[in-house]
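What shape does this take:
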Amino acid sequence: MSKNCIFCKIINGELPAYKIWENEYFIAMLDINPAAYGHVLIVPKAHFVNLHDITDEYAREFLPFAQKITRAVMDVSGAEGFNLVQNNGASAGQTVMHFHAHVVPRRIGDGLSLSWIPKSQSKEFMAEMTEKLVKKLNG
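Numbers count the residues shown, from 1 in each chain. Predicted coordinates:
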């Protein structure tokens, strides 16, 4: 636990939250500044800064927990879809440096945007990047 982390303070009961579900690994709570009706945060009970820090055990437990939460959010909110968003680092939009994911219910025409402008790349660039990543992953 990190003594200055808002999520750690919530987990320790030092700050209130609108908790909707928890297990031994995670809590799910309403986002107090929601992007949409039913916006929920999934937060591990152990402090990890980002995806690179999370343990294999927590990683294995994350998707089943997220699946349970997203099904409930979809049913209760009446949303047509959802985004499961997980930011890593300030440059990627992470504002609380404690690993967490957002479940954002979506509807066609809701005005929310999680998009980027696709960029075309040359075959040479794609081949070079593929080669570098394969080399890195194969050690």
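
C-alpha only now, for contacts and for neighbours.
Fine.

Mind naming the longest helix for this structure?
helix 56-77 (DSSP state H).

and it, what does it pack onto?
Taking 3 or more CA pairs under 8 Å, 6 or more residues apart in numbering; DSSP states H and E as contact, the helices and strands that helix 56-77 lies on are strand 26-30, strand 40-44, strand 81-85, strand 101-106.

list the buried ones in that helix?
Using 16 or more other CA atoms under 10 Å as the burial criterion, the residues of helix 56-77 that qualify are 62, 65-66, 69-70, 73-74.

Looking at the protein, name the residue that lies furthest from the middle.
In terms of distance from the mean C-alpha position of the chain, Glu124 ranks first, at 33.2 Å (CA atoms, centre = their mean).

Quick check: it is in a helix.
Yes. Secondary structure of Glu124, determined by DSSP: H, G, I helix; E, B strand; the rest coil: located in a helix.

where's it relative to Glu131, distance?
Here Glu124 is placed at a distance of 11 Å from Glu131 (CA to CA, to the nearest Å).

cool, Met74 as well?
Summarising the geometry, the distance separating Met74 from Glu131, computed by CA to CA, is 40 Å.

Identify the residue nearest the residue nearest to the spatial centre of the chain in space, chain neighbours excluded?
For the chain, the residue sitting closest to the mean C-alpha position, by CA atoms, centre = their mean, is Ala101 at 1.9 Å. What sits nearest to Ala101 in space, not counting adjacent residues and going by CA to CA, 6 or more residues apart in numbering, is Gln86, at 4.5 Å.

my guess is Met29 contacts Pro16, does it?
No. With the criterion set as CA atoms under 8 Å, Met29 and Pro16 do not qualify as a contacting pair; they are 10.3 Å apart.

Tell me which of the two has more neighbours.
Set side by side, Met29 and Pro16 show unequal neighbour counts under other CA atoms under 10 Å, the larger going to Met29 at 20 against 10.
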